[in-house]
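> Give the three-dimensional model of this entry:
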Amino acid sequence: MQRIAEELVNRYFRLSPQKITPLGGGWYGRVFLAEMTVEPTKVIVKIHLVPNLAEKEACQLEVLATHATVKMPKVLFVHKATIEIPNDAILMEYIPGVNAGNHTLLEREEKNRFAIAEQIVDNLLSYHKVINPGGFGELGANCFEPDWKKWYKIKADDALSKAESFYAGGKIDDAIFSVIRKAHELYDRIFYLPVKQARLIHGDYNTWNILLDENLTHVSGVIDPLNSCFADSEMDLYQLNHANGKEYKLLDIYASKFPLSENFPLKSSFYELFEHVAHYYDAHIEIDCPFMAALAKELEQQMQKFGLL
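Numbering: from 1, shown residues only. Below you'll find the predicted structure:
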């Protein structure tokens with residue numbers, strides 16, 4: 001992957017990078033910092049592991065940046081896979097900062113933690129205030145669906161199909177699969193309240209995708225949207241409890257600024273389990289069964305609390 005990053009810099013900037021540093025990555029890509037002797041002296045190279053995501057992510061970054069209250073990286077080049085460089089990739093602006101998802105930062109930034117949490121939440125709210133009057137759907141779509149329950153049902157059906165494949169292959173057990181199947185059967189009763197407005201979501205808004213300045217006083221950037229679209233804004237919210245989001249009290253702060261729907265705990269558990277099924281399948285990675293079992297147990301408990309079981 002590092003060789004591919006070097007080739008991408010060479011191709012699009014017409015020079016060899018002075019240094020390439022791996023920065024990690026997630027389920028769908030690997031990220032490198034390329035340093036050069038001319039402007040821009042630092043560039044982020046994100047190499048996608050799954051085809052056809054680079055252009056989509058570039059579009060998402062552009063749309064989200066228009067409405068963000070904190071900086072998001074500007075895309076400099078989008079690479080479509082070729083014989084010579086076989087991965088899709090994006091080359092984008094480097095934003096200096098420290099990853100906010102690092103648990104070891106919490107004590108060091110304690111005096112600034114609430115201010116940082118407010119900035120994180122306010123930026124998310126700046127996305128969610130963007131309403132698409134046409135309805136729900138992908139960014140840049142030619143047409144939209146006015147009924148959220150109808151639009152998301154297609155995704156839920158797809159996730160069930162992927163869960164069936166996992167179950168048939170012995171990759172998830174009876175306990176996990178039975179909850180997925182039962183929740184799918186109860187779809188109309190879980191989503192009993194209409195979602196009236198199609199709002200812009202980030203799709204992967206957790207502290208791992210948030211950067212703090214080096215002094216840990218404020219948010220310096222937001223990165224890595226995933227499946228950003230016009231959706232139920234509450235679909236973004238289970239991510240607020242990931243990484244160290246609970247320590248920041250992100251969901252509590254969000255709820256104090258933008259009241260949650262009556263069925264939020266129920267549908268949020270549904271979103272989290274079903275979206276993870278889809279992501280494990282699409283990213284072709286090994287399933288974390290204890291994690292999925294915990295998600296299934298939470299959804300089962302929520303269905304019980306709402307009188308569905």
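
> quick one, what contacts the closest residue to residue 122 other than its chain neighbours?
Residue nearest to residue 122 in three dimensions, not counting chain neighbours: residue 69, with 5.8 Å by C-beta to C-beta, 6 or more residues apart in numbering. In short, each C-beta sits where N, CA and C put it, glycine included. In this structure, residue 69 makes contact with 119, 122-123, 126, judged by C-beta atoms under 8 Å, 6 or more residues apart in numbering.

> ok, the closest residue to residue 128 other than its chain neighbours - contacts?
Of all residues not flanking residue 128 in the chain, residue 233 sits nearest, at 4.2 Å (C-beta to C-beta, 6+ apart). When contacts are counted by C-beta under 8 Å, 6+ apart, residue 233 touches 128, 197, 199, 201, 258.

> Repeat that for residue 207.
Neighbours of residue 207 in contact, by C-beta under 8 Å, 6+ apart: 99-101, 120, 242-245, 248, 250.

> Same check on residue 265?
Neighbours of residue 265 in contact, by C-beta under 8 Å, 6+ apart: 302, 305.

> hang on, it in a helix?
Yes. Counting by DSSP: H, G, I helix; E, B strand; the rest coil, residue 265 falls inside a helix.

> mind checking how far it is from residue 201?
The gap separating residue 265 from residue 201 is 18 Å, by C-beta to C-beta, to the nearest Å.

> Could you identify the helix or strand that succeeds the lowest-mean-pLDDT helix or strand in the chain?
Across the helices and strands of the chain, mean confidence by mean pLDDT, DSSP states H and E is lowest for helix 105-108: a mean of 74. Counting by DSSP states H and E, the next helix or strand C-terminal to helix 105-108 is helix 113-128.

> May I have that next one as PDB, with CA atoms only?
C-alpha atoms of helix 113-128 as PDB (Å, rounded to 0.1, in the frame of the first residue of the first chain):
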ATOM      1  CA  ARG A 113     -13.500  18.300  27.600                       C
ATOM      2  CA  PHE A 114     -16.900  19.900  27.800                       C
ATOM      3  CA  ALA A 115     -15.900  22.700  25.300                       C
ATOM      4  CA  ILE A 116     -14.600  20.100  22.900                       C
ATOM      5  CA  ALA A 117     -17.800  18.000  23.300                       C
ATOM      6  CA  GLU A 118     -19.900  21.000  22.500                       C
ATOM      7  CA  GLN A 119     -17.900  21.700  19.300                       C
ATOM      8  CA  ILE A 120     -18.300  18.100  18.200                       C
ATOM      9  CA  VAL A 121     -22.000  18.100  18.800                       C
ATOM     10  CA  ASP A 122     -22.600  21.600  17.300                       C
ATOM     11  CA  ASN A 123     -20.800  20.500  14.100                       C
ATOM     12  CA  LEU A 124     -23.000  17.400  13.800                       C
ATOM     13  CA  LEU A 125     -26.100  19.600  14.300                       C
ATOM     14  CA  SER A 126     -24.900  21.800  11.500                       C
ATOM     15  CA  TYR A 127     -25.200  18.900   9.200                       C
ATOM     16  CA  HIS A 128     -28.500  17.800  10.600                       C
END
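
> how far out from the middle of the chain is stretch 59-79?
What separates the centre of stretch 59-79 from the centre of its chain is 14 Å, taken as C-alpha atoms, centre = their mean, to the nearest Å.

> And for stretch 225-235?
For stretch 225-235, the distance to the chain centre is 8 Å (C-alpha atoms, centre = their mean).

> quick one: average pLDDT of that stretch?
In this model, stretch 225-235 carries a mean pLDDT of 97.

> Please apply the same query to stretch 238-258.
Rounded mean pLDDT across stretch 238-258 is 96.

> leaving aside the residues next to it on the chain, what's closest to residue 180?
According to C-beta to C-beta, 6+ apart, the nearest residue to residue 180 is residue 163 (4.7 Å).

> got the buried residues for the host helix or strand of the one you found?
Using DSSP H and E, residue 163 sits in helix 148-168. Buried residues in helix 148-168, counted by 16 or more other C-beta atoms under 10 Å: 148-149, 151-153, 155-156, 159-160, 162-163, 166-167.
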